[in-house]
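# show me the folded form of this:
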Amino acid sequence: MESTTAEGAKAPAAARPSPLTLPVVLAGVVLVAMSISGTAVALPEIGRELNASGPALNWVVAGYNLAFAAMTLVAGSTADRVGRRRTFVVSALIFSAGFLATAVSPSIVLTDTARIVSGAGGAGIMAAGGALLASGYQGAARNRAFALMGTMAGVGIAVGPTLSGLLISATGWRGSFAVFTVIALLVALGGTRVRESRSAAGRTDWVGSVLFVAALALLMFALLEAPSLGWTDPAVVGTAGGGLVALIAFAAVQRRSASPVLDPALVANRGFLGWSLATLTTSIGFLGVLVFLPTYLQSAAGLTPAAAGAAMLLLTAPVLVMPMAAVTLVAKGVPARLLIVLALLLVAAGNLCLVTLGPRGTVVIAALPLLMIGVGMGMSFGITDGQAMSLVPADSVGMAAGFLNTLRGAAEAMVIAAFGAALLGFLTSRLGDSGQAAAVSSGRLTAADRGSELAAFTRAWHLTQLGIGVLCLVLSAVVVVLVAGRRPRRTA
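Next comes the predicted model:
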């Protein structure tokens with residue numbers, strides 16, 4: 001059979017996928033998702049052992065997400081050309097090497113570097129994995145495959161904090177990274193048994209790839225380092241300006257490239273852009289809480305790493321079940337646009353409700369907002385990728401999958417940087433000492449000043465959450481405008 005894209009072009013039917021395609025891709029998705037959510041629980045332990053705080057410690061998570069965001073689009077386009085299976089396997093090996101280096105790292109600088117390597121590998125796993133599913137399945141089978149992908153991402157996010165907390169309590173933070181090393185090697189081995197697929201050959205746009213990676217890296221560096229160096233510091237201003245110039249140059253190069261990393265026609269597709277922006281919005285509302293709440297729970301509420309990880313199930317458990325629930329509702333005739341609007345409102349409202357968080361009754365107060373955010377994120381996981389991918393030509397599925405995951409990764413990296421910068425800025429304003437503020441933001445409160453530090457930490461949390469909630473509301477309104485009247489065409 002042939003499938004029809006949104007442009008009305010006929011795409012040849014894909015060969016029947018290998019029986020291992022779905023399980024291997026889903027295993028890789030779980031691994032990448034667990035590495036995103038679980039690492040946050042390890043930050044206090046990493047900071048204490050390596051004597052790190054502030055931006056240097058935040059780079060353990062933000063560096064991973066930056067590399068993930070920057071490399072996903074490149075990996076997706078590369079997978080279309082050199083082979084989706086090959087890209088998947090190589091990426092899993094890179095992912096494993098980064099985790100091994102993290103486990104044995106003697107300093108925060110090497111830890112941050114190793115996390116960047118892991119993020120690049122995770123980008124390839126997600127982009128090539130999504131492309132393997134999009135090229136191997138059609139119609140309802142494709143929707144189910146992507147719903148399962150969202151479900152397994154939910155599984156990884158759900159068990160990541162809890163499993164990491166247990167591993168840290170039992171073996172230390174290094175042991176948890178060693179476990180991921182072994183699992184990634186097994187995923188790479190399984191990937192070698194998946195059937196290869198690729199689109200028509202084309203030259204790799206190396207100039208565009210370098211410009212895109214440079215733009216995100218420079219902008220992220222400026223955002224992360226500004227709170228400690230100062231927003232007017234020449235290094236911050238220079239890197240931010242360089243990032244903007246690289247981004248503009250990237251856009252110009254893509255318009256002229258015969259084999260662009262990001263086809264301008266893809267971004268010009270209003271429906272695809274709307275669904276892509278929806279996944280960015282839910283990621284913004286989800287990641288700040290996922291990364292920074294465990295530190296607050298441990299420092300303000302006195303929870304152990306294992307207990308903090310267990311408390312995070314209120315946020316992550318709904319992501320385990322909601323993707324399949326959402327795709328089931330769509331299959332029964334419930335409009336996907338209605339579900340995504342509901343998901344966006346839940347994420348925004350949950351973030352706004354977290355402004356009531358305090359050191360007393362912390363888990364009880366946070367329970368309902370966390371459930372709201374988790375349900376909204378899970379619904380988004382279930383429907384956004386399938387809806388967006390149904391709007392692109394068959395030979396661009398790797399690029400489209402890369403773009404979707406780039407937006408997620410960029411949102412994750414940017415919200416971590418912005419959230420951390422906001423917390424540090426508000427704490428510095430309240431405490432009057434940037435060094436003390438950096439320590440408090442990392443969960444290292446002193447016995448002598450615990451009362452004032454905890455009050456400042458709570459106030460900084462409230463103001464930061466308010467900003468995230470308002471941003472999610474604004475972006476949700478834009479999504480509604482973009483997806484209105486834009487129904488994906490069914491594939492045969």
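
# rest of the way, CA atoms for contacts and neighbours
Noted.

# which stretches in the stretch 201-350 of the chain count as strands?
Using DSSP state E, counting those that start in this stretch, no strands are found in the stretch 201-350 of the chain.

# how near is Ala252 to Leu211?
For Ala252, the distance to Leu211 equals 11 Å [C-alpha to C-alpha, to the nearest Å].

# do Gly150 as well
According to C-alpha to C-alpha, Gly150 stands 30 Å off from Leu211.

# higher neighbour count, those two?
Neighbour count, other C-alpha atoms under 10 Å: between Gly150 and Leu211, Gly150 has more, with 31 against 20.

# host element of the more buried one?
helix 139-171 (DSSP states H and E).

# alpha carbons of the helix or strand just after that helix, as PDB, please.
Per DSSP H and E, helix 139-171 leads on to helix 173-191 as the next helix or strand towards the C-terminus. Only the C-alpha atoms of helix 173-191 are listed here, as PDB (Å, rounded to 0.1, in the frame of the first residue of the first chain):
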ATOM      1  CA  TRP A 173      26.100   8.100  42.600                       C
ATOM      2  CA  ARG A 174      28.900   6.500  40.700                       C
ATOM      3  CA  GLY A 175      27.300   3.100  40.900                       C
ATOM      4  CA  SER A 176      24.100   4.400  39.300                       C
ATOM      5  CA  PHE A 177      26.000   5.700  36.300                       C
ATOM      6  CA  ALA A 178      27.800   2.300  35.900                       C
ATOM      7  CA  VAL A 179      24.500   0.500  35.600                       C
ATOM      8  CA  PHE A 180      23.500   2.800  32.700                       C
ATOM      9  CA  THR A 181      26.800   2.000  31.000                       C
ATOM     10  CA  VAL A 182      26.000  -1.700  30.800                       C
ATOM     11  CA  ILE A 183      22.400  -1.300  29.700                       C
ATOM     12  CA  ALA A 184      23.400   1.000  26.900                       C
ATOM     13  CA  LEU A 185      25.800  -1.600  25.600                       C
ATOM     14  CA  LEU A 186      22.900  -4.100  25.500                       C
ATOM     15  CA  VAL A 187      20.800  -1.700  23.600                       C
ATOM     16  CA  ALA A 188      23.600  -1.200  21.000                       C
ATOM     17  CA  LEU A 189      23.900  -5.000  20.700                       C
ATOM     18  CA  GLY A 190      20.100  -5.300  20.100                       C
ATOM     19  CA  GLY A 191      20.200  -2.500  17.500                       C
END
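
# all helices of the stretch 301-450 of the chain, in order?
For the stretch 301-450 of the chain, the helices defined by DSSP state H, counting those that start in this stretch occupy 305-311, 313-331, 336-353, 362-389, 397-431, 434-441, 450-483.

# mean pLDDT lowest where, among those helices?
Mean pLDDT is lowest for helix 397-431 among the helices of the stretch 301-450 of the chain, at a mean of 75.

# helix 434-441 and that helix, what's the angle between them?
Using axes from the mean of the first three to the mean of the last three C-alpha atoms, to 10 degrees, one finds that helix 397-431 and helix 434-441 are set 120 degrees apart in direction.

# report the secondary structure state of the nearest residue to Arg195 once chain neighbours are set aside.
Once flanking residues are discounted, Arg195 sits nearest to Ser18: 5.7 Å by C-alpha to C-alpha, 6 or more residues apart in numbering. Judged by DSSP: H, G, I helix; E, B strand; the rest coil, the three-state class of Ser18 is coil.

# cool, the one 4 residues further on as well?
Following three-state DSSP, the label given to Leu22 is helix.

# which positions in stretch 471-482 come out as buried?
472-473, 475-476, 479-480, 482 (16 or more other C-alpha atoms under 10 Å).

# contacting residues around the closest residue in space to Ala278 that isn't next to it in sequence?
Distance criterion C-alpha to C-alpha, 6+ apart; nearest residue to Ala278, sequence neighbours excluded, is Val479 at 6.0 Å. Each residue near Val479 by C-alpha atoms under 8 Å, 6 or more residues apart in numbering is listed here: 274-275, 277-278.

# in the stretch 1-150 of the chain, what residue spans correspond to strands?
Taking DSSP E, counting those that start in this stretch as the criterion, the stretch 1-150 of the chain carries its strands at 3-4, 10-11.

# buried residues in stretch 337-347, which are they?
Neighbour-count burial for stretch 337-347 [16+ other C-alpha under 10 Å]: 337, 339-347.

# what's the burial count for Asn51?
Look at Asn51: counted by other C-alpha under 10 Å, it has 12 neighbours.

# that one and Glu45, how far apart?
When Asn51 is compared with Glu45 (using C-alpha to C-alpha), they lie 10 Å apart.

# what's the answer for Gly98, then?
Distance, Gly98 to Glu45, by C-alpha to C-alpha: 19 Å.

# same thing with Gly83?
Look at Gly83 and Glu45: by C-alpha to C-alpha, they are 40 Å apart.

# more neighbours, the two?
Gly83 (22 against 18).

# and for that one, nearest residue in space, chain neighbours not counted?
Taking C-alpha to C-alpha, 6+ apart, and ignoring the residues beside it in sequence, Gly83 has Arg198 as its nearest neighbour in space, at 4.8 Å.
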